[in-house]
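In: pasting the structure only:
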């Protein structure tokens, strides 16, 4: 595996707003993507992830920086000369062409001979399981089917990098889950490098080999899903990836003083937690890492109990903040609203995070 | 009638927001107002009487006269030739202008659009006087050539109307996709832009043709002796002697426009 297959070097892109202001969509972003990797660009809307994807495709030209693919600069080439292809959020199918004409389009642009074109169209349709839809028009397809055609159209080109711009955002949850599994399978089978843009952290974690978390034009954290989830570098990432209780506390001797007079001993925090000598810190604890305990470290009053089937979510007022604990549905004594409970963080999963 | 409807009616009449009392007859009046001249022309084209306003008996003799009249046939031929050339040229220019305007900056685009669209509102007589003066000044020969040039010019804004409307509705994503899939500007134009614009180009061409065939004022000014178009010829007929032959030609013209309209509707529907 080539670790420096696609290199993004110091890319900056500034947009002018109609009001005359400036938006720094990408602020000196650098990252390396390995060949055959399923790479995720994750962040809320307006964080720059789509601008980076479009810059790789050539649909946007960065103000400065370089994009290098297999050692060759591509950032000065027009989109039609780059060996990368895009699956657009809106699918962007050609409405006046049949499914097979849509897929054949990119191959005809390469002057692939006719027999080859039809073979590759058939292959691409099989890859996305749309055999038999060759002669349909895009308007005759459901959203999910259009999505597959868009995917087949890009895959047929056998791109060196496949760029996917929130391709699943328009699908309903069930369809989206199914497509996530299929995309992962396709990526494995074809070995093509995928760069996938999403704002859905669950999607990012379930599909990505690595995730780059974006905020305001910068990469905040770049790591594997497990690392990003378990070791968020700051409160932003901890809050954006999954659900987290972010509790402000003060450093005291031997631990951290939390609201409501609770003390969390230092030896209960993750070993690599950075704890300053004094002052304020933010403690991040995932709801599923909290358990009910007799004589636990964090005491409070149960405000709400929500049964969700596979878990019971208990909202506990701890001093002036609310802490959510997600308890296993079975084998747990479900506390009553208004009762006093104590909670313990398990497996030393609580950690301090930079705010 | 649904249950709730009857129930609520007992308490008070349901307010129908689409019901404006008294306007229904108005709609019928508008239709009558619009179409009574056409109905008159068609009916009296079958009147055997020489005097237009008096009904005598049913006859098709005026149609026979029209088909014998070589002057009418010559005028019709002129109209069709001028119409054809003007349609092709104005549509071509309109497509090019529309695509050119796409590339322009917002401010320039607005000015250019206003300038191209203005002749739709400017009194045609002004344009006609200007056209005639200019033709004489720069030496464009009056007659068929002059007609073709003048018609091409005033047809452009009409041909542009549907093309512009379609362009402004077009989703830009397929263009990006085409570029992403390896198509350069020329290939995008041929494979994506023109096919997507085709229905609008067709509609624009039809509109241009209708406007050209129908034109009187400009044609009257620049036709010259040898190149009388049909509307100009009909005007001449009415000035000398009003014969029901005029009704027959008009009915034929009506039939022609009607079939073009229906034909284009059928073609557009087939595309869906």
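Out: That came in fine, so what should we check first? Because the structure is a prediction, the values reported are computed rather than measured.
In: where does the stretch 51-200 of chain A come near chain B, residue by residue?
Out: A:57-59, A:78-81, A:85-86, A:88, A:90-96, A:105-106, A:109-110, A:153-154, A:157 (C-beta under 8 Å from any C-beta of the partner chain). Backbone N, C-alpha and C define where each C-beta goes, glycine included.
In: one more pass at 7 Å, please.
Out: A:57, A:59, A:79-80, A:85-86, A:88, A:90, A:92-94, A:96, A:105-106, A:109-110, A:153, A:157 (C-beta under 7 Å from any C-beta of the partner chain).
In: out of these, which are buried?
Out: Neighbour counting by 16 or more other C-beta atoms under 10 Å in any protein chain shown classes A:57, A:59, A:79-80, A:85-86, A:88, A:90, A:92-94, A:96, A:105-106, A:109, A:153, A:157 among these as buried.
In: out of the residues of the stretch 51-200 of chain A next to chain B, which are inside helices?
Out: Helix and strand membership here follows DSSP state H; of those, those in helices are A:57, A:105-106, A:109, A:153.
In: for the chain, give me the ranges with low pLDDT.
Out: Since no chain was named, I'll use chain A. By pLDDT under 70, the low-scoring segments of chain A are A:1-2.
In: actually it's chain B I care about, not the one you picked
Out: Low-confidence segments of chain B, defined by pLDDT under 70, are located at B:1-13, B:17-20, B:52, B:105, B:242, B:268, B:270-272.
In: interface residues of it facing chain A?
Out: By C-beta under 7 Å from any C-beta, the part of chain B that sits against chain A consists of B:173-174, B:176-177, B:179-184, B:187, B:192, B:195-196.
In: derive a ChimeraX selection command for the buried subset of these.
Out: Restricted to buried positions by 16+ other C-beta under 10 Å, the ChimeraX selection for these reads:
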select /B:174,176,177,179,180,181,182,183,187,192,196
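In: okay if I get the residues of chain B next to chain A as CSV plus distance to residue A:326 and secondary structure?
Out: Compiled in CSV, the residues of chain B next to chain A are given as follows (distance: C-beta to C-beta, whole Å; DSSP: H, G, I helix; E, B strand; the rest coil):
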residue, distance to residue A:326, secondary structure
B:173, 40, helix
B:174, 45, helix
B:176, 43, helix
B:177, 43, helix
B:179, 47, helix
B:180, 43, helix
B:181, 46, coil
B:182, 49, coil
B:183, 51, coil
B:184, 55, coil
B:187, 55, helix
B:192, 51, helix
B:195, 55, helix
B:196, 51, helix
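In: so what does the strand or helix carrying residue A:194 touch, helix or strand wise?
Out: Taking DSSP states H and E as the criterion, residue A:194 maps to strand A:193-198. The criterion is 3 or more C-beta pairs under 7 Å, 6 or more residues apart in numbering or on different chains; DSSP states H and E, and the helices and strands that strand A:193-198 contacts are strand A:38-42, helix A:49-57, strand A:161-165.
In: now do it against strand A:161-165, angle only.
Out: For strand A:193-198 and strand A:161-165, the angle between their directions (axes from the mean of the first three to the mean of the last three C-alpha atoms, to 10 degrees) works out to 10 degrees.
In: following strand A:193-198, which helix or strand comes up?
Out: Next element after strand A:193-198 (DSSP H and E): helix A:201-207.
In: residues contacting the helix or strand following that next one, please?
Out: Where DSSP H and E defines the elements, the next helix or strand beyond helix A:201-207 is strand A:210-215. By C-beta atoms under 7 Å, 6 or more residues apart in numbering or on different chains, the list of residues contacting strand A:210-215 from outside reads A:31, A:37, A:39-43, A:47-49, A:204, A:219-225, A:228, A:236-237, A:240.
In: same thing but at 8 Å, please
Out: Taking C-beta atoms under 8 Å, 6 or more residues apart in numbering or on different chains as the criterion, the residues outside strand A:210-215 that touch it are A:31, A:37, A:39-44, A:47-49, A:52, A:204-205, A:219-225, A:228, A:236-237, A:240-241.
In: name the helices or strands packed onto the next helix or strand along the chain from it?
Out: Later in the chain than strand A:210-215, the nearest helix or strand by DSSP H and E is strand A:218-223. Using 3 or more C-beta pairs under 8 Å, 6 or more residues apart in numbering or on different chains; DSSP states H and E as the contact criterion, the neighbours of strand A:218-223 among helices and strands are strand A:22-33, strand A:210-215, helix A:235-240.
In: again, only this time at 6 Å
Out: Judged by 3 or more C-beta pairs under 6 Å, 6 or more residues apart in numbering or on different chains; DSSP states H and E, strand A:218-223 is in contact with strand A:210-215.
In: mind listing what's buried along the strand it packs on?
Out: Neighbour counts over strand A:210-215 (16+ other C-beta under 10 Å) mark A:210-215 as buried.
In: adding distance to residue A:173, write those out as TSV.
Out: Written out in TSV, the entries for the buried residues of strand A:210-215 read as follows (distance: C-beta to C-beta, whole Å):
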residue	distance to residue A:173
A:210	25
A:211	21
A:212	25
A:213	23
A:214	24
A:215	26
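In: may I ask which two of these are separated the most?
Out: A:210 and A:215 (16.9 Å; C-beta to C-beta).
In: thinking again about what came up before, which of the helices and strands packed on strand A:193-198 sits closest to residue A:274?
Out: With respect to residue A:274, and counting by C-beta to C-beta, the nearest of the helices and strands packed on strand A:193-198 is strand A:38-42 at 23.7 Å.
In: now the angle from the closest one to strand A:218-223?
Out: An angle of 140 degrees separates the directions of strand A:38-42 and strand A:218-223 when computed by the same axes, to 10 degrees.
In: and the contacts of strand A:38-42?
Out: When contacts are taken as C-beta atoms under 6 Å, 6 or more residues apart in numbering or on different chains, the neighbours of strand A:38-42 outside the stretch itself are A:33, A:49, A:187, A:194-198, A:204, A:208-213.
In: so which of those residues is the most crowded?
Out: residue A:49 (30 neighbours; other C-beta atoms under 10 Å in any protein chain shown).
In: ok, now which ones touch that residue?
Out: Residue A:49 is in contact with A:41, A:43, A:197, A:214, counting by C-beta under 6 Å, 6+ apart.
In: repeat for residue B:221
Out: Residue B:221 makes contact with B:128, B:132, according to C-beta under 6 Å, 6+ apart.
In: how about it, phi and psi?
Out: Geometry field for residue B:221 lists phi and psi as phi -70, psi -40, criterion degrees, to the nearest 10.
In: cool, and the one 10 residues further on?
Out: Main-chain torsions, residue B:231, degrees, to the nearest 10: phi -60, psi -40.
In: and it, how far is that from chain A?
Out: 38 Å (C-beta to the nearest C-beta, to the nearest Å).
In: sorry, back to before: relative to residue A:131, which of the residues of chain B next to chain A is nearest.
Out: Nearest to residue A:131 out of the residues of chain B next to chain A is residue B:181 (C-beta to C-beta; 21.7 Å).
In: hang on, isn't that closest one packed against residue A:106?
Out: Yes. With contacts counted by C-beta atoms under 6 Å, residue B:181 reaches residue A:106, the gap being 3.5 Å.
In: my guess is residue B:188 contacts residue B:180, does it?
Out: No. Between residue B:188 and residue B:180 there is no contact under C-beta under 6 Å: 10.8 Å.
In: noted, bye for now.
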